[in-house]
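Enquirer: Task: produce atomic coordinates for the following.
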Amino acid sequence: HLQLTAEAEARLRSWLNVKAADNVYQAPPLLVSLPGGLREQHIAEVLYQECTFFESLGLSVDLLPAPPRQLDGVSMAVARALPSFLGALRDEVHSRGFVRFADILAALREKRVLSQHRDRLTHLSHLLIDEYQDISPEILEWLRRTLEVLGSENEVSATCIGDDYQSIYGWRGSHPDFLLHPERGGIQLERDDRVVTLREHYRSVQEIIDAAEVTLEKVTQKSRKHGLSRAGARCPGADFSLRLVELQDPFEQETRGHGGSLARAWNELVDLIAGTLRVAGTDAGWKQMTGGRSTLEVLVLCRTNQGLEAAPGSAASLRDSLKRAGLSYVPRIEFRKHTFHRSKGLEADFVLLLEDSAPPEPHPLRDWAYSLRGFADSYSQQQREEARRLAYVAITRARFGLVWAADARPGGCFRDVADHVLRRE
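Expert: So this is what the prediction gives:
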């Protein structure tokens, strides 16, 4: 057994019902910086994450071929250790009476197993699948084979709903290709099948949609569509719904020193909200503007967990700032902080974005996994495009107005949006 971080070990003990007094033989901690990884991690965490990534692609870790010689030393060592690590992990989990989700899916992808349990699967004959852009090969293979088994005796169908612009879970196996080209995932379209493109947006004003789509201009794999807002042209009470603040120092320095640029971003957010509340005037006016809702919803979104920990603001400080702006009416404020990723599915009246959405470093080990899976592109290339889709998701959380404060990063999206704003002005 390897020594885990205190938090990870506590979670693992809780899951496996292991008491702290139980004997666990521990090796000295070993931290690893895997090329393409976001940070230095314990070797056990690295091995577990990479095992689950390979499995999410529908690859059998037990049967991996020898890794290519061009891999760097760390990636090569991790690749060679994956089968042994997974075998030991699986044995330990099974010895405690548990089974991993990946092992269940692996069994259910076997036609023999599905055929044996066909009678229990008939309720899956007609499926409505939401968020299809987030499907992984391991789930897609199970879906395809389940429909094949059921379709041998019954009528089957699948209606898949998704938005390739919001495909942001590549680190767990998703790829926009499965939505854009279902046949490449083994889903064959019949002649009477249809693809219906939804273009109308009922959340964000048009100006925010236009800015969000700027981040996707350099994405090569995407559908060709332009969103049309049914929520209005721009933020009520403001000349523009989107305001950008380029930080003079890196974000980390700004948060440590409470830099002036970050304070300016906060003031821009307050000014944007204040202008809208002045138009609303009263609780009744605000409810009319929001469709009957009496709360003011605000999101602060950061690209990284480290940024989230340092992000400024609270409901109380925002209320104080709005009062100092001379407002007589301020609704109850719902104030939340999340990362760009965790904001998926959320929305708010106003959003403050912090940090640029830039791609991570190349990931040679996962590039190899992509080649084994047969993808035409590399994982590193997909991550460069996913960083842009992630910016699109973050921007479109806003209904009325958005402020984005960042120090522009190479390959990031902030500079592209800033150029778009300059052309608009």
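
Enquirer: Tell me where the stretch 51-200 of the chain has strands.
Expert: For the stretch 51-200 of the chain, strands defined by DSSP state E, counting those that start in this stretch occupy the ranges 126-129, 157-160, 200-201.

Enquirer: and those as CSV, adding distance to residue 384, mean pLDDT and mean neighbour count?
Expert: Where C-beta positions appear, they are placed from N, C-alpha and C, glycine not excepted. Converted to CSV, those look like this (distance: least, CB to CB, whole Å; pLDDT from 0 to 100; neighbours: other CB atoms under 10 Å):
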stretch, distance to residue 384, mean pLDDT, mean neighbour count
strand 126-129, 27, 92, 12
strand 157-160, 26, 88, 15
strand 200-201, 26, 92, 13
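
Enquirer: Those: which one's closest to residue 327?
Expert: strand 200-201 (28.7 Å; CB to CB).

Enquirer: Would you pull up how far that closest one lies from the middle of the chain?
Expert: Centroid separation for strand 200-201 versus its chain: 21 Å, with CA atoms, centre = their mean, to the nearest Å.

Enquirer: helices or strands next to that strand in the packing?
Expert: strand 228-229 (3 or more CB pairs under 8 Å, 6 or more residues apart in numbering; DSSP states H and E).

Enquirer: by contact count, what packs against the strand it packs on?
Expert: Other elements packing on strand 228-229 under the criterion 3+ CB pairs under 8 Å, 6+ apart are strand 200-201, helix 206-214.

Enquirer: Need the winner for burial among those.
Expert: helix 206-214 (a mean of 22; mean count of other CB atoms under 10 Å).

Enquirer: average pLDDT for it?
Expert: Mean pLDDT, helix 206-214: 95.

Enquirer: which residues touch that helix?
Expert: By CB atoms under 8 Å, 6 or more residues apart in numbering, the list of residues contacting helix 206-214 from outside reads 201, 204, 226-229, 231-235, 240-242, 391-392, 395-396, 398, 401-402, 413, 416-417, 420-421.

Enquirer: Let's see which of the residues you listed end up in strands.
Expert: Residues of these located in strands (DSSP state E): 201, 228, 229, 242, 398, 401, 402.

Enquirer: Let's have those in a markdown table, adding distance to residue 69.
Expert: Formatted as a markdown table, the ones in strands among the contacts of helix 206-214 follow (distance: CB to CB, whole Å):
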| residue | distance to residue 69 |
| --- | --- |
| 201 | 49 |
| 228 | 52 |
| 229 | 53 |
| 242 | 49 |
| 398 | 48 |
| 401 | 53 |
| 402 | 48 |
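
Enquirer: out of those residues, who's nearest residue 330?
Expert: residue 401 (15.8 Å).

Enquirer: from the ones in strands among the contacts of helix 206-214, which would you call buried?
Expert: 201, 229, 242, 398, 401, 402 (16 or more other CB atoms under 10 Å).

Enquirer: Would you format these as TSV with distance to residue 379 included?
Expert: Output for those, formatted as TSV (distance: CB to CB, whole Å):
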residue	distance to residue 379
201	30
229	34
242	32
398	30
401	35
402	30
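
Enquirer: From the residues you listed, pick the one nearest residue 154.
Expert: Using CB to CB, these come closest to residue 154 at residue 201, 37.6 Å.

Enquirer: what about that closest one, distance to residue 244?
Expert: 21 Å (CB to CB, to the nearest Å).

Enquirer: Compare the strands of the stretch 51-200 of the chain and give me the one nearest residue 356.
Expert: Here strand 200-201 is closest among those (CB to CB), at 24.1 Å.

Enquirer: so residue 127 makes contact with residue 150?
Expert: No - the criterion here is CB atoms under 8 Å, and residue 127 misses it with residue 150 at 10.1 Å.

Enquirer: isn't there a helix covering residue 269?
Expert: Yes - with DSSP: H, G, I helix; E, B strand; the rest coil as the criterion, residue 269 is part of a helix.

Enquirer: Enumerate every residue touching it.
Expert: Here residue 269 is in contact with 298, 350, 352, 403 (criterion: CB under 8 Å, 6+ apart).

Enquirer: Check which helix or strand the nearest residue to residue 302 once chain neighbours are set aside maps to.
Expert: Closest residue to residue 302 apart from its sequence neighbours, by CB to CB, 6 or more residues apart in numbering: residue 308 at 4.3 Å. Using DSSP states H and E, residue 308 maps to helix 305-310.

Enquirer: chain center to that helix: distance?
Expert: On CA atoms, centre = their mean, the centre of helix 305-310 falls 16 Å from the chain's centre.
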